[in-house]
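Q: Sequence below, structure please.
(one chain, ligands or ions: 2)
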Amino acid sequence: MSKTIIDKLWDSHVVVNEENKPDLLYIDLHLIHEVTSPQAFAGLREKNRTVRRPDLCFATMDHNIPTIDRFNIKDETSRLQVETLEKNCEEFGIQLEGLNSEQQGIVHVIGPELGLTLPGKTIVCGDSHTSTHGAFGALAFGIGTSEVEHVLATQTLWQNKPKQMKVNIEGDLGFGVTAKDVILWFIAKFGTNVGTGSIIEFSGSTVRGFSMEERMTLCNMSIEAGAKASVIAPDETTFEYIQGKRYAPENQDFKQSCERWSKLASDPEAKFDQVIEIDASEIEPMVTWGTTPSMCLPVSGVIPVKDPLSTNEEEQALQNALTYMGFNGNERIEEISVQHVFIGSCTNSRLSDLIEASKVVEGSKVHPDVRAIVVPGSQAVKREAETLGLHQIFLDAGFEWRESGCSMCLGMNDDIVPEGERCASTSNRNFAGRQGKGARTHLVSPIMAAAAALKGKFTDVRSVLPVKELEVNRYAGV
Ligand SMILES: CC(C)[C@H](C(=O)O)[C@@H](O)C(=O)O
Ligand code: SF4
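A: Ligands and ions are numbered 1, 2, ... in the order given. This is a model prediction of the structure:
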């Protein structure tokens, strides 16, 4: 029988399969961070249990940590979570990349760059953006804290098999259009529920042409389209990225792995529950204006006012979003001024993101009314960027250059957007209060964020630099 890549990944991990019951799946890699693990470890302790496979767990701290003076965690709860993770990892024998580790970083950035994230694996983490790892042809999804405890204790997880959706993206992206714009455009067009109950396979020539970092951006935000997970079939680009990574298979083992991984593709006749076709040439640089990622327009767009065709509920959602964001409707995106620019997060803090943003910034100055920060996704990204001199380009322009962490992506650490102020952010969520109480978030690509930093308002990045400067970077990563 023909199988999709999702069937292949799923079926090869089923430990128990009984009719009308969820399947018990074996988990190959369990990523852990400080926010969603404390109660899970406490649960183990209460029940006098151990961690079944500490060697398949890997922990880091990223959400709560400061990005300036990183050892000085002022918030009590944050400090407690970080200290608790340290104690738990020590007690249960789990490898932890803590604040003084050269391998520390956002969990979804370090998994791939260390070669822990590999095709064919099942990967879970108590974090919704675990979908990022699907870019490698892994079955990767976020789990809740009680499931974290279950995986720690058993290395398995009960799961109902989701529906399957194929999103096929064909053709070349226009100049200045990035993977971030593709996923924002997709959510703007099909909504935040299009993927609900499904795993998405992204396919097509556009996706094949993407670097691993671009693929990760796409899969990272599939969760904002409601999907449980997303996956991209591994290919030469994937293998090239993995080769030589710290924990990746080596030599003969690597060659054999590649042969095995090459079979992880949907069979031509395989059936999906839904298929969506996208023409990449339609996509433009995008900016969110509201409080969901689907409230999003091309940079040339105008913020909506009342839509006569909308239901009462939709009308209310629109009005609430306009009020929260401080708009009346009818404003042009390019009129919106920003006070903060954040280049970072597990969506867009990898080396290629920083390289692209630096090309926009080089030789210019941040607008005097803007505070702009660059937060590399990991210590490795930071080191690589510094070797390339990117930090100097950003610093010379007036950006702050920070230590790695989740930072301004969410209001859980010192990097907060003050009430009523606007931030052009390369992160993935823009709901009310995400970057701090009353903060107004606009999601964009790294190059659009860089352009906004220079102009003090949203601007079409395509007008900022000549074409040759902005050739999409195919750098394979650190
Ligand atoms: C803190 C964590 C549970 C959360 C998530 O699961 O996504 C965070 O990473 C986020 O992006 O909102
Ligand atoms: S960078 Fe943002 S989205 Fe990613 S894990 Fe951290 S908080 Fe979640």
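Q: Look at the residue nearest to residue 362 when sequence neighbours are not counted and say how many residues are nearby.
A: Nearest non-adjacent residue to residue 362, counting by C-beta to C-beta, 6 or more residues apart in numbering: residue 393, 5.0 Å away. C-beta coordinates here come from the backbone N, C-alpha and C atoms, glycine included. For residue 393, the neighbour count with other C-beta atoms under 10 Å is 23.
Q: What are the contacting residues of the helix or strand hosting residue 393?
A: For residue 393, the element it lies in under DSSP states H and E is helix 390-397. Outside helix 390-397, the residues that touch it by C-beta atoms under 8 Å, 6 or more residues apart in numbering are 354-355, 357-358, 361-366, 372, 374, 382, 385, 401, 453-454.
Q: May I see the ChimeraX selection of the buried members of these?
A: Remark: buried members of the contacts of helix 390-397, expressed as a ChimeraX selection using 16 or more other C-beta atoms under 10 Å:
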select :354,355,357,358,361,362,364,366,372,374,382,385,401,453,454
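Q: and the contacts of helix 390-397 near ligand 2, which?
A: Among these, no residue lies close to ligand 2 (C-beta under 6 Å from any ligand atom).
Q: What about the contacts of helix 390-397, which are in helices?
A: Per DSSP state H, helices hold the following members of these: 354, 355, 357, 358, 361, 382, 385, 453, 454.
Q: could you dump those residues to CSV with pLDDT?
A: Output for the ones in helices among the contacts of helix 390-397, formatted as CSV (pLDDT from 0 to 100):
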residue, pLDDT
354, 98
355, 97
357, 97
358, 97
361, 96
382, 98
385, 98
453, 98
454, 97
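Q: so which pair among the residues you listed is furthest apart in space?
A: Spanning the widest gap among those are 382 and 454, at 22.6 Å by C-beta to C-beta.
Q: Which other helices and strands does the lengthiest strand in the chain contact?
A: Using DSSP state E to define each element, the chain has its longest strand at strand 163-170. For strand 163-170, the packing partners by 3 or more C-beta pairs under 8 Å, 6 or more residues apart in numbering; DSSP states H and E come out as strand 198-203, helix 205-209, strand 274-279.
Q: Not counting it itself, show me its contacts.
A: 4, 6-7, 182, 186, 194-195, 197-207, 227, 266, 272-280.
Q: Now the buried members of those residues.
A: 4, 6-7, 182, 186, 194-195, 198-204, 206-207, 227, 266, 272, 276, 278, 280.
Q: and the stretch 1-150 of the chain, which residues reach ligand 2?
A: 62, 63, 106, 108, 127, 129.
Q: Pipe these into a markdown table and attach neighbour count per row.
A: Below are those laid out as a markdown table (neighbours: other C-beta atoms under 10 Å):
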| residue | neighbour count |
| --- | --- |
| 62 | 27 |
| 63 | 22 |
| 106 | 31 |
| 108 | 33 |
| 127 | 25 |
| 129 | 27 |
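Q: need those in TSV with distance to residue 317 and secondary structure, can you?
A: Output for those, formatted as TSV (distance: C-beta to C-beta, whole Å; DSSP: H, G, I helix; E, B strand; the rest coil):
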residue	distance to residue 317	secondary structure
62	31	coil
63	28	coil
106	30	coil
108	29	helix
127	27	coil
129	24	helix
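Q: so who does the one residue in the chain that gets nearest to ligand 1 touch?
A: The minimum distance from the chain to ligand 1, using C-beta to the nearest ligand atom, falls at residue 128 (3.5 Å). Neighbouring residues of residue 128 by C-beta under 8 Å, 6+ apart: 142, 223.
Q: Spell out which parts of the stretch 51-200 of the chain neighbour ligand 1.
A: 63, 127, 128, 129, 142.
Q: Show me the helices in the stretch 101-250 of the chain, by range?
A: For the stretch 101-250 of the chain, the helices defined by DSSP state H, counting those that start in this stretch occupy 107-113, 145-154, 179-190, 205-209, 212-220, 236-242.
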